[in-house]
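Enquirer: task: produce atomic coordinates for the following.
(2 chains)
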Amino acid sequence: MRFNGKTAESIRSAAFYVVLIAILFCAIFPFLWMILASLKNMVDLLNMDKLFRFKPNLGNYADVFGKYQFLRPLLNSLLIGVVSTILAMLFGLPASYSIAREKKTLYASMILIIRIIPAVSFLVPWYIMFTKLNLAGTYTPLFLSHWLIALPLIIWIMIPYFESIPRELEQAAWVDGCSRFGTFMKIILPISSPGILTAGLLAFIFSWNNFIFALVLCTDKTKTLPTAIFNFISYTEINWSGLMAAAVIITAPILLISICLQKYIITGLTAGAVKG
Amino acid sequence: MRKARVSLSGFLVVLLLAGFSSALAAQGKTKLPYEGVTINYIGYGGLWTKTVIDSLAEFKAKTGIEVKAQQLGNDQISQKIAISSTAHSGDLDVFAFRPLQETLLFVKNGWLEPLDGYIAKSPEFDYNDFMKSARDGSTNGGKIFGIPMMTEREVVFYNKELFAKAGIKTMPKTMDELMAAAEKLNDPKKGICGIAIRGKGSDAVTMFSGFLRGFGGEFNANGKALINTPQAIAAFKYYGDLLRLYGPPGVLNMGWAETQALFAQGRAAMRIDADSQFGFSIDPKSSLVYDKVGYFSLPAGPAGQAPFNVAAWSLGVSPYSQNKEAAWEFVRWCMGKEMDARTQASGNPSTRSSTWKNLEASKGFPSELISVINETSAVGRATDRPSLINVGESRTVIGDVIVAGILGRDVKPVADKANAAFQTLLDKEK
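Expert: Sure thing, here's the model as predicted:
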């Protein structure tokens, strides 16, 4: 059997949509389930017959902020994420610029070691240091530890980005009398904003999701979202529906930010990918 | 600008007055013994924790001690204790630990403060009121290292409606009867399994203990691994057959939470696990079978009935605490008779004999369950897992044999191999 061009074309596009929908379904279903589950009570959540048909209620969300007091950890996570990301930017951007321009690849690999060594091995010495310095229980250990997570990430994302910026651009600025620092601030940074945004967002997500540092270094006052999740898992029962409502609340900000900044992120991610 | 300055000074005056008046108020009161002391507590989530956290304001009013409580998962608690204690840090004062899993390790590492001296100073605490098996779990070398917080026993939960439908009137008393009942109740076409018990290797070890001992076996004794004895093999086979033939699909991935969900959905006719989880299945908010739940004690094997009756959690004081006296004050209060009755009333199975005799405190428990608890306590074994320092690894090793049994493989060679591995673990600790 032979198809004319038009039929073949429509079959092809139909196949494309089938595949697209299948992939989308796989990607979106967990989120969908999470959102549905967060609107159910426990009986309905465990009941497969009521996967889509159930009486939605917002009680779980009320519980998350009322009974489980999620507001404080939410603000803590936000504060720690923002401060550590800004700190990491402050140090990471100039560092990666110098590495990129001066070809200090040795330093770059040394910084990478921080990410290769399992985070747990920093923990005990840090813990001893922070308790000896009387900083345990404050935000400082959390800022510093999350800063360390973010720093190599930002440096390694920004190195290829800075490398892709033509040197002529800087040289033109120097000719016009701009200082090296001024060039960096006024020329390089503004044109790298998609990259900076991507790096910043990723750093923020890493801090937002980090569990092990927060577990050891936080106290009740400074605890972050990933550790607060444990309030839903008790020794004799697990509050799945509450847990899902909390998961929605934890995922939502990241999802929203990512969607809003999507345009920049894609440029940022691909910028360093192909170099001539 | 002027206006701002005026309002600022006004604000300062108010602040000053407020400080002054609160100072006056403080002078009027008698000073509390531990005014201004703060201690940190970490523990598991549960009814005990909830009740105690809700009552912390009372404790503060009485003693002046502020308790900062944090709730974490089992492994995260261990992690935090390990790091804090290795660092000799004073920022952890009181913590909950799992005596059967961790007493040996923690004592060996010096992470627990001996409590004998404190107990001797507090006669009204009545330490001997705690059940003996529970006390023993937190005692090492004649010294007391923890106060048991909650007990749990291996019991059978059953669905009354499904039992009535299958025409089973008498509860299974022996392992053979249990197998027969599971067969009768099993109805895979309707998505109902005869029995649900943990099938995930190392998780299953504690539930398996009641079967192992019912068949006359033991995990280890006098430094010898015993999991390939004929009795142990028979137990592995029985447990495997029971779950392969009449267990739920996917049982190999099930821990307590999964079987709990199945039972609460009416998809398991019986379920064996710890009685401390009873709340979930009788709460209409989490269970479809909330009004159909019954209980009976673990049936007897060829060697008799051997369910566990253990203290799952104990309260310990860190030797590195800067406020040990205040920490003990907290333990004395929350494990004292008054608070214990209150935590039991909320549904936490107590470790004090006097609390179980207190009818008011036991009101939170279904009366049927109480009689099963009493039956089980009479015959219960004080441990539910191998006793050695490296419990975790030994559970993985034994779990492999349980899995082989459920898969229907020849258990003997797997048990032989596991026994050798278990023996190596035991030898390392000699």
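Enquirer: contacts only, for the residue of the stretch 151-276 of chain A at minimum distance from chain B.
Expert: For the stretch 151-276 of chain A and chain B, the shortest gap (C-beta to the nearest C-beta) falls at residue A:234, measuring 3.5 Å. Where C-beta positions appear, they are placed from N, C-alpha and C, glycine not excepted. Residue A:234 makes contacts with B:44, B:45, B:46, B:47, B:49, B:71, as judged by C-beta atoms under 8 Å, 6 or more residues apart in numbering or on different chains.
Enquirer: next one: stretch B:282-293 to chain centre, how far?
Expert: On the basis of C-alpha atoms, centre = their mean, to the nearest Å, stretch B:282-293 sits 22 Å off its chain's mean C-alpha point.
Enquirer: equivalent analysis for stretch B:204-219, please.
Expert: Stretch B:204-219 sits 18 Å away from the centroid of its parent chain (C-alpha atoms, centre = their mean).
Enquirer: contacts for it?
Expert: Outside stretch B:204-219, the residues touching it (C-beta under 8 Å, 6+ apart) are B:154, B:175, B:197-198, B:225-227, B:229, B:231-232, B:234-236, B:238-239, B:272-273, B:298-308, B:381, B:383-387, B:394-395, B:398-399, B:402, B:422.
Enquirer: so the residue of the stretch 251-400 of chain B at minimum distance from chain A, which of the three states?
Expert: Closest residue of the stretch 251-400 of chain B to chain A, C-beta to the nearest C-beta: residue B:286 (3.8 Å). Recorded secondary structure, residue B:286: coil (DSSP: H, G, I helix; E, B strand; the rest coil).
Enquirer: now it, what are its backbone angles?
Expert: Main-chain torsions, residue B:286, degrees, to the nearest 10: phi -120, psi -10.
Enquirer: which residues touch it?
Expert: Applying C-beta under 8 Å, 6+ apart to residue B:286 gives the contacts A:41, A:42, A:43, A:46, A:237, B:264, B:280.
Enquirer: next up, the contacts around the fifth one.
Expert: With contact set as C-beta under 8 Å, 6+ apart, residue A:237 has these partners: B:257, B:260, B:277, B:279, B:280, B:286.
Enquirer: how near is the residue of the stretch 251-400 of chain B closest to chain A to residue A:47?
Expert: According to C-beta to C-beta, to the nearest Å, residue B:286 and residue A:47 sit 11 Å apart.
Enquirer: what of residue B:32?
Expert: 51 Å.
Enquirer: for those two, indicate the residue with more neighbours.
Expert: Relative neighbour count places residue A:47 above the other of residue B:32 and residue A:47, with 17 against 14, counting by other C-beta atoms under 10 Å in any protein chain shown.
Enquirer: how about that one: what's its closest non-neighbour residue?
Expert: What sits nearest to residue A:47 in space, not counting adjacent residues and going by C-beta to C-beta, 6 or more residues apart in numbering or on different chains, is residue B:265, at 6.0 Å.
Enquirer: for residue A:30, give me the pLDDT.
Expert: Note for residue A:30: predicted pLDDT of 89.
Enquirer: that one looks like it's in a helix, true?
Expert: Yes - judged by three-state DSSP, residue A:30 forms part of a helix.
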